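K.L.:
Sequence and predicted structure below; questions after.
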Amino acid sequence: MSIVTSVIRSTAAIIAFAVASFAISLACHSADPTSTPTPSAAPQQAYILGPEDVVEVDVLGQTDFKVRAPIGADGTIKLPYIGSVQASDKTSEQLSADITQALVSGGYFSHPILSVEIVAYASRYVTVLGDVSAPGLVPIDRPYHLSEILARVGGVRQDAADYVVLRPQNGPERHYIVSALATGDEAQDPMVSPGDRIYSPLAELFYISGEVKTPGAYPMTTGMTLRMAIGRGGGLTDIGTDHGVKVTHKDGKIDRPGLDDKIAPGDVIVVGQRLF
């Protein structure tokens, strides 16, 4: 056997061993139950077109077929060559496929490269009213959390209540604490749907006087107790006492609640002097 033949055979054996080792390593890694596959991103829900949305339809290379068309009340758009096309209740991808099919079937283009872009969202929106920075209609082009909608209208104002009211298009209204929207779980920051209404009420007031450092009218917070109300009034003066505090309710009833009892909107709290 020549030296050259020996070298060739040795080199081939080394390569075969390397390939086999790589294959075994790859198979072991694939079968490893502890290996973590890369998670695939969840698909985002596509926007469903509706009346008053505006789309731009463009056929590549055809300058006479670039149309910006509003969707009419009947759910259709008007396009060159093919006339009215149903657009409502479809995604932009579905509408693109339908227009392409109509152009091919009509013999206008053989293989059109067509795109449909949404240039104005108007059919799907939520209504935000009350004590927010910019109340009005908020178009939603994808699923939004309640906190995101509030952020889009500038948030609630300083004199707003500490909760907002969500009135779904179908179902009972629900109250959500504003501070919990960004810090709580998804149950405390729900997704909104087209047609939902969001209302931010003004904060209701309670009144405190007597032996507190800063008497006056203050906004209520959810679950406010007498202890919290006294703290909101600056705390007791040097001669004040938190025993036997008198509370007059809206209906005229006078009560002497404990420090951890809840107070109600409109309550008038009078803090007396301690006995020496």
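P.N.:
Right, received. Where do you want to start?
K.L.:
Using PDB, list the CA coordinates for stretch 220-231.
P.N.:
Extracted as PDB, the C-alpha positions of stretch 220-231 are listed here (Å, rounded to 0.1, in the frame of the first residue of the first chain):
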ATOM      1  CA  MET A 220     -63.300  59.500  48.500                       C
ATOM      2  CA  THR A 221     -61.300  56.400  47.700                       C
ATOM      3  CA  THR A 222     -62.600  52.900  47.400                       C
ATOM      4  CA  GLY A 223     -62.900  51.200  50.800                       C
ATOM      5  CA  MET A 224     -62.100  54.400  52.700                       C
ATOM      6  CA  THR A 225     -62.300  53.900  56.500                       C
ATOM      7  CA  LEU A 226     -62.700  56.500  59.300                       C
ATOM      8  CA  ARG A 227     -59.000  56.000  60.100                       C
ATOM      9  CA  MET A 228     -58.000  56.800  56.500                       C
ATOM     10  CA  ALA A 229     -60.300  59.900  56.500                       C
ATOM     11  CA  ILE A 230     -58.700  61.300  59.600                       C
ATOM     12  CA  GLY A 231     -55.300  60.700  58.000                       C
END
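K.L.:
what does that stretch rub up against?
P.N.:
With contact meaning CB atoms under 8 Å, 6 or more residues apart in numbering, stretch 220-231 is reached by 161-163, 177, 203-206, 208, 212, 218, 236, 242, 245, 247, 257-263, 265, 267, 269, 271. Backbone N, C-alpha and C define where each C-beta goes, glycine included.
K.L.:
ok, and for it, which residues are buried?
P.N.:
220-221, 224-226, 228-230 (16 or more other CB atoms under 10 Å).
K.L.:
Buried only: go through the contacts of stretch 220-231 for me.
P.N.:
Among these, those classed as buried by 16+ other CB under 10 Å are 161-163, 177, 203, 206, 208, 212, 218, 236, 242, 245, 247, 263, 267, 269, 271.
K.L.:
what's the straight distance from one end of stretch 76-84 to the other?
P.N.:
Using CA to CA, to the nearest Å, one end of stretch 76-84 lies 6 Å from the other.
K.L.:
quick one: contacts of it?
P.N.:
Residues from elsewhere that reach stretch 76-84, judged by CB under 8 Å, 6+ apart: 55, 57, 64-65, 67, 69-72, 85-88, 99, 102-103, 106, 108.
K.L.:
ok, residue 135 to residue 164 distance?
P.N.:
Separation of residue 135 from residue 164 (CB to CB, to the nearest Å): 12 Å.
K.L.:
what does residue 120 give?
P.N.:
For residue 120, the distance to residue 164 equals 27 Å [CB to CB].
K.L.:
low-scoring pLDDT stretches of the stretch 151-276 of the chain, where are they?
P.N.:
For the stretch 151-276 of the chain, the stretches with pLDDT under 70 are 184, 276.
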